[in-house]
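S.K.: Below: sequence and its predicted model.
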Amino acid sequence: MDRLASIGVRGGDTAGSRCSRLTAVCLWMLCVLLLTVIIVMWLTVKLPAERELDQTQTRYNNLTVVRDQLQIRNYNLTKVRDQLQTSYTNLTIERHTLQTKRDQLQTSYTNLTIERDQLQTSYTNLTIERDQIQTSYTNMTIERDQLQTSYNNLIVERDQLQTSYNNVTKERDQDQLQTSYTNLTIERDQLQTSYNNLIVERDQLQTSYNNLTKERDQLQTSYTNLTRRLSVLGWNYFNSSLYYISTEEKSWSECRQFCRERGADLVIINSREEQKFMFEMVKNTRAWIGLTDIDTEGNWKWVDGSSPPNTG
């Protein structure tokens, strides 16, 4: 009985030992599984974090490059701004200089216009006086020729009388013939004096004519030089008038004000020749003329108040 009991106890110890071993194995396996899960979870969290960190670093590097580029662009733009500021300052100075030159040219143009008008008036007066002197010279020349003819006729008549005198010497008294001869001599001397006076007057007229011709040539030269100077300023001469075409685009009222400030007005076309001249001067450029219906719509009038001719 004791042996059986002893055997029974051994068998109980073996079963408990197995159970302990099984529990230990399960616990070890559970630890291994838990460690595996922790490792897997660590790897799952670490790898995206590192990837995101790399992406953030890359973005930071890209932003740094962009920042450097923007700084370079900002520096370049600052330099360009300074250059533009310098250019603007220079242009402002040049604009003031050009305005000063324009005012000087305007003053010169005004003085030239006054001088031209004075020269034109002097030229017209001298032309009238020259024509009068030319007429007087022509009349004096005709009168001189008539006197020369009369003088020649008198010379012929004197010669005839001298011949007659010689023929009648034997028939008439010596005193009467001497008296006739003396009278003819006096008349001849008077005619000679008149002829000499006419020669002197002719020479004086010729001198006056030559002086007027020189003065006319000088006026013509001055007139030509004035016309050239006006052409340089943009003015064109036609039929005793000056025409100017502005390069600025303005309204009709602004253009008329622009002309009035310069002592002129918008063009009034009075003839076909003037119209043809205007077409050739304007060509393909659009320009205002002095025709308006500002007072009554549809009733066109020139700026001087006159009406254009009715062409039907």
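M.R.: Received, thanks.
S.K.: So residue 308 lies in a helix, does it not?
M.R.: No: using DSSP: H, G, I helix; E, B strand; the rest coil, the assignment for residue 308 is coil, not a helix.
S.K.: At the geometric centre of the chain, which residue sits there?
M.R.: Centroid-nearest residue in the chain, with C-alpha atoms, centre = their mean: residue 247, separated by 5.7 Å.
S.K.: and residue 266, how many neighbours?
M.R.: Residues lying near residue 266 (other C-beta atoms under 10 Å) number 19. The way it works is simple: take the backbone N, C-alpha and C, and place the C-beta from them, glycine included.
S.K.: Sorry, wrong one. I was asking about residue 144.
M.R.: 19.
S.K.: which one is it nearest to, not counting chain neighbours?
M.R.: residue 198 (4.6 Å; C-beta to C-beta, 6 or more residues apart in numbering).
S.K.: Just to check, the one you found is in contact with residue 147?
M.R.: Yes: taking contacts as C-beta atoms under 8 Å, residue 198 lies within contact range of residue 147: 6.0 Å.
S.K.: Tell me the gap between the host helix or strand of the residue nearest to residue 144 and the middle of its chain.
M.R.: Secondary structure assignment for residue 198, by DSSP states H and E: helix 174-232. Centroid separation for helix 174-232 versus its chain: 52 Å, with C-alpha atoms, centre = their mean, to the nearest Å.
S.K.: do stretch 130-142 as well
M.R.: Relative to its parent chain, stretch 130-142 has a centroid offset of 48 Å by C-alpha atoms, centre = their mean.
S.K.: try stretch 169-184
M.R.: Worked out by C-alpha atoms, centre = their mean, stretch 169-184 lies 90 Å from the chain centre.
S.K.: can you give me the mean pLDDT across it?
M.R.: Taken as a whole, stretch 169-184 carries a mean pLDDT of 77.
S.K.: now stretch 146-158
M.R.: 88.
S.K.: Ok, stretch 63-71 next?
M.R.: 92.
S.K.: Averaging pLDDT per element, find the lowest-scoring helix or strand in the protein.
M.R.: Least confident helix or strand, the chain: strand 235-238 with a mean of 82, by mean pLDDT, DSSP states H and E.
S.K.: Run through who's touching that one.
M.R.: 227, 230-231, 242-244, 274, 277, 281 (C-beta atoms under 8 Å, 6 or more residues apart in numbering).
S.K.: what do you get if the cut-off is 7 Å, keeping everything else the same?
M.R.: 227, 230, 242-244, 277, 281 (C-beta atoms under 7 Å, 6 or more residues apart in numbering).
S.K.: What does the pLDDT read for the residue nearest to residue 144?
M.R.: 93.
S.K.: try residue 3
M.R.: 41.
S.K.: contacting residues for residue 255?
M.R.: 266, 288.
S.K.: One more pass at 8 Å, please.
M.R.: Contacts of residue 255 by C-beta under 8 Å, 6+ apart are 246, 266, 288.
S.K.: By pLDDT, rank those residues and give me the bottom one.
M.R.: residue 246 (81).
S.K.: ok, for that one, nearest residue in space, not its chain neighbours?
M.R.: residue 258 (6.3 Å).
S.K.: wait, isn't the one you found in contact with residue 245?
M.R.: No: with contact defined as C-beta under 8 Å, residue 258 and residue 245 do not form a contacting pair (11.3 Å).
S.K.: can you pull the pLDDT of residue 14?
M.R.: Value listed for residue 14 in the pLDDT field: 72.
S.K.: Can you list the low-confidence ranges for this protein?
M.R.: 1-13, 173-174, 177, 229, 231-232, 310-312 (pLDDT under 70).
S.K.: Quick one: the helices in it, in order.
M.R.: For the chain, the helices defined by DSSP state H occupy 2-167, 174-232, 252-260, 272-282.
S.K.: Give the buried residues for the third one.
M.R.: Just to be clear, that refers to helix 252-260. Of all the residues in helix 252-260, those buried under the rule 16 or more other C-beta atoms under 10 Å are 255-256, 258-259.
S.K.: Pull up the gap between residue 142 and residue 136, please.
M.R.: According to C-beta to C-beta, to the nearest Å, residue 142 and residue 136 sit 11 Å apart.
S.K.: So between these two, which is more surrounded?
M.R.: Using other C-beta under 10 Å as the criterion, residue 142 and residue 136 rank with residue 136 on top: 14 against 10.
S.K.: which ones are touching the more buried one?
M.R.: residue 205.
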